[in-house]
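Asker: Okay, sequence plus prediction incoming.
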Amino acid sequence: MKAVAIGLLRHGNRWFLQRRDPSNPVLPGLWEFPGGKVEEGETPESALMRELREELGVSLHFAEPMPTLEGAVRLHPFLVRSDVAPRTDLAWGWFTAADMLHLPVPPLNLPLIAALARIADESQPPLADLIT
Ligand SMILES: Nc1nc2c([nH]c(=O)n2[C@H]2C[C@H](O)[C@@H](COP(=O)(O)OP(=O)(O)OP(=O)(O)O)O2)c(=O)[nH]1
């Protein structure tokens, strides 16, 4: 099965998504995380570094692996920290996990998006801190 490494780039409680080319025969026009195929001789992490550099001009400082997901491909997601603004020819934006529920996304990404919603919840300051 084809292995694909993807990066979850975070900006506050929003995550970077780009829109697949509408003329791509595979999942045309769906909103996805940046990344691509793990080539022979690469680890998922080194493939991610290469893809983010090629696709977005972004260098990785930190990539934390998340559990893999299997369907049409084996998806290796990584939480990524990066301080560089992405540049890409595709349509892109920063979206909350709630926003993503209204976008057409690959089916394999749905459990991942649910996990991101939980991460966002956990990083909210405790309620007591919001009451002054
Ligand atoms: N980049 C990316 N691919 C995803 C995501 N979710 C998901 O199911 N995929 C699937 C779609 C494709 O079947 C596969 C990525 O293949 P691709 O064709 O876009 O990547 P690639 O250019 O490296 O591969 P190739 O055509 O050169 O073989 O992973 C996601 O969030 N991001």
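Answerer: Okay, I see it.
Asker: nearest residue to the one residue in the chain that gets nearest to the ligand other than its sequence neighbours?
Answerer: Of all residues in the chain, G36 sits closest to the ligand, with a separation of 2.9 Å (C-beta to the nearest ligand atom). Glycine gets a C-beta too; all of them are placed from N, C-alpha and C. With C-beta to C-beta, 6 or more residues apart in numbering as the criterion, G36 has its nearest non-adjacent residue at 4.3 Å, and that residue is E51.
Asker: any idea which helix or strand carries the residue of the chain closest to the ligand?
Answerer: Taking DSSP states H and E as the definition, G36 sits inside strand 35-37.
Asker: Against which helices or strands is that strand packed?
Answerer: Contacts defined by 3 or more C-beta pairs under 8 Å, 6 or more residues apart in numbering; DSSP states H and E place strand 35-37 against strand 3-11, helix 44-56.
Asker: The same query, at a cut-off of 10 Å, please.
Answerer: In terms of contacts (3 or more C-beta pairs under 10 Å, 6 or more residues apart in numbering; DSSP states H and E), strand 35-37 is packed against strand 3-11, helix 44-56, strand 74-81.
Asker: Which positions in this structure make contact with the ligand?
Answerer: 4, 6, 26-27, 32-33, 35-37, 72-73, 75, 106, 108-109 (C-beta under 6 Å from any ligand atom).
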